[in-house]
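> Here is a sequence with its predicted model. Questions after.
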Amino acid sequence: MLLTLRAMAKGGMNDHLGGGFHRYSVDDHWFVSHFEKMLYDQAQLAVSYLEAFQITRDDQYAAAARDIFTYVLRDMTDPGGGFYSAEDADSVIDPAHPHEKGEGAFYIWSAEEIRTALGERTAEIFGYRYGVREGGNVDEDPHGEFTGRNILFEEHTLSETAAHAGATVEETRAVLQRASEKLLEIRSSRPRPLRDDKVLAAWNGLMISAFAKGAQILDEPRYVQAARDAVDFLRRHLWDESRKVLLRRHREGESAIDGFLDDYAFLGLALLDLYEATFEPADFAWAVELAERAIALFEDAEDGGFFSTSASSIGSDLVLRLKDDYDGAEPSGNSGMALLLLRLARMTDRADFRRSAERTLQAFSSRLEEAGTGVPQMLVAHAFALAKPREIVLAGAASDAVMREMLSTIRRRFLPSTVVMRAEQAGRDMPAVGGLPTAYVCENFACKLPVTGVAALDELLE
């Protein structure tokens, strides 16, 4: 499936007990997990699953996104609200020998351990679902780290497992849920992998976007709060108000390093995603400010595009300013900035934002044409630029039940080229008709007649 391929391209294998995804490489016949859990992987995979759920309405994708969010909230969130960077691949194998570590020791299981924990019948059902083998399920193990152990993966679907067990899907789901909870409880007593507890602006931006989208698509207030807490953390610790400069990282009370292009781009996009979740004017205003500062600090005024570092970095730590254009494990700053400016141009109608975005796409046009697979996020920005412009502007009381239903109608759909705004930020006279919750749907900069009912809005969006 497209989603599976997209997830594989991001580099991840689901942790079926604790949530989140491990990084992996692909050998000829098997997934060889590296077991790192990187924040940027969790964020991008969560968005992929959320979008797949919007498109297909298949609950398995929503469940995968929820698992990721559960993991990040439980294990990767600072008490102050920011998100930590990563968890290590290696961990202590036996607490009696704390200096002996192994790849994925925290996560892997022998068949006997599972039987002892769950009992014969439940272990057999669990093992069928998650590919457990008596002698271990890792065929390609050049370092012998997984001998006799199992990496849990979805070998069979829930429906297949139910048929195998001679039970209903719901009964089987309940059995597997109880089994997972039991194994997770046992696993929690193992020595945990080391955690990289730096809070990085760019990676937090990606995760804030994921939580903001999750709040919209899954209608989950906890995700809004997680995104809000992280934004507040970055504002307190990584925004230098006196210099109007974003800092790159925070750890143990210390913030340091002037931000790079990707920090501004991904935090700016996160603020727009959070704005579309809550419509807080301050989020929109800060996104605009970050875009303006990024143009001032990083833009190549002569040839277009953006340097990764500011001009002030030359002569201190760097001798050359580069323009990153590769969307690898993390998207590039130029790809993120192009999309940020295009969205802001649509929302503010500012010609300077539009020009900078177009110059960026032009600067990397040969890359897009000759090696588009290396810049997939730049292609997302390019597709946004080419799509028919559409804005949905909402007027009326945000707390009104009809307004909430209108938002649900919008968020149920996958609308990648649409921006959603409150009338207060749209800069146009768009009143609530008759004091009722009102939606204006505008395409190609021309607005259709406003609608005040959910059914009418649904028809316009179809």
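Looks like it came in fine. Being a predicted model, the structure only gives us computed values, none of them experimental.
> can you list contacts of stretch 276-292?
212-213, 215-216, 224, 227-228, 231, 235, 244, 246, 264, 267-269, 271-272, 274-275, 337, 340-341, 344, 347-348, 353, 394, 398, 419-422, 424-425 (C-beta atoms under 8 Å, 6 or more residues apart in numbering). (Each C-beta comes from the backbone N, C-alpha and C, glycine too.)
> That stretch: which residues count as buried?
By neighbour count on 16 or more other C-beta atoms under 10 Å, the buried set for stretch 276-292 is 276-279, 283-284, 286-292.
> Over to stretch 123-133?
By 16+ other C-beta under 10 Å, the buried positions in stretch 123-133 come out as 123-130, 132.
> Can you convert those into TSV and add a column each for pLDDT and distance to residue 453?
Converted to TSV, those look like this (pLDDT from 0 to 100; distance: C-beta to C-beta, whole Å):
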residue	pLDDT	distance to residue 453
123	98	54
124	98	54
125	98	48
126	98	49
127	97	52
128	98	49
129	97	45
130	96	47
132	97	53
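> from these, which single one is nearest residue 405?
Using C-beta to C-beta, residue 129 is the member of those that lies nearest residue 405, at 37.7 Å.
> So that closest one versus residue 169, what's the distance?
Per C-beta to C-beta, to the nearest Å, residue 129 is found 12 Å from residue 169.
> Low-confidence stretches in the stretch 251-400 of the chain?
313-319 (pLDDT under 70).
> Helices of that one, residue ranges please.
261-278, 281-298, 333-348, 351-363, 365-370, 376-386 (DSSP state H, counting those that start in this stretch).
> just checking, what packs against the fifth one?
The elements that helix 365-370 packs onto, with contact taken as 3 or more C-beta pairs under 8 Å, 6 or more residues apart in numbering; DSSP states H and E, are helix 376-386.
> Also the fourth one?
Contact analysis of helix 351-363 by 3+ C-beta pairs under 8 Å, 6+ apart lists helix 281-298, helix 333-348, helix 376-386 as its packing neighbours.
> which one of those lies closest to residue 175?
Comparing these by C-beta to C-beta, helix 376-386 comes nearest, at 39.3 Å.
> in that closest one, what's buried?
Buried, per 16+ other C-beta under 10 Å, within helix 376-386: 377-378, 380-382, 384-385.
> from these, which is closest to residue 112?
Distance to residue 112, by C-beta to C-beta, is smallest for residue 377 among these, at 44.9 Å.
> quick check: domain ranges of the chain?
Per automatic domain parsing, the structural domains of the chain span 2-196, 199-388, 389-462.
> Deepest-packed of those domains, please.
Each of these was assessed for mean neighbour count using mean count of other C-beta atoms under 10 Å. The highest is domain 199-388, with a mean of 20.
> List the residues that contact the nearest residue to residue 125 once chain neighbours are set aside.
Among residues not flanking residue 125 along the chain, residue 165 sits closest, at 4.9 Å (C-beta to C-beta, 6 or more residues apart in numbering). The contact partners of residue 165, taken as C-beta under 8 Å, 6+ apart, are 125, 128, 171-172, 175.
> Tell me which two of the residues you listed sit farthest apart.
128 and 171 (14.4 Å).
> returning to what we had before: can you lay out the buried residues of stretch 123-133 as TSV showing secondary structure and distance to residue 412?
Listed next are those as TSV, based on DSSP: H, G, I helix; E, B strand; the rest coil; distance: C-beta to C-beta, whole Å:
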residue	secondary structure	distance to residue 412
123	helix	39
124	helix	39
125	helix	34
126	helix	34
127	helix	37
128	helix	35
129	helix	30
130	helix	32
132	coil	38
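> nearest to residue 439, of these?
residue 129 (44.0 Å).
> who touches the closest one in this structure?
Applying C-beta under 8 Å, 6+ apart to residue 129 gives the contacts 154-156, 158, 161, 176.
> Residue 210 now?
Contacts for residue 210 (C-beta under 8 Å, 6+ apart) come out as 42-44, 46-47, 50, 68-69.
> from the residues you listed, which is closest to residue 200?
Of the contacts of residue 210, the one sitting nearest to residue 200 (C-beta to C-beta) turns out to be residue 43, at 11.5 Å.
> helix or strand for the closest one, which one?
Using DSSP states H and E, residue 43 maps to helix 39-56.
> Restricting to C-alpha, output that helix in CSV.
Below are the C-alpha coordinates for helix 39-56, written out as CSV (Å, rounded to 0.1, in the frame of the first residue of the first chain):
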residue,chain,number,x,y,z
LEU,A,39,11.6,12.5,17.3
TYR,A,40,11.5,13.6,13.7
ASP,A,41,10.6,10.0,12.6
GLN,A,42,7.7,9.9,15.1
ALA,A,43,6.4,13.3,13.8
GLN,A,44,6.5,12.5,10.1
LEU,A,45,5.1,9.0,10.5
ALA,A,46,2.3,10.3,12.6
VAL,A,47,1.3,12.8,9.9
SER,A,48,1.5,10.1,7.2
TYR,A,49,-0.9,7.9,9.2
LEU,A,50,-3.2,10.8,10.0
GLU,A,51,-3.4,11.7,6.3
ALA,A,52,-4.0,8.1,5.3
PHE,A,53,-6.8,8.0,7.8
GLN,A,54,-8.4,11.1,6.3
ILE,A,55,-8.2,9.6,2.8
THR,A,56,-9.3,6.0,3.6
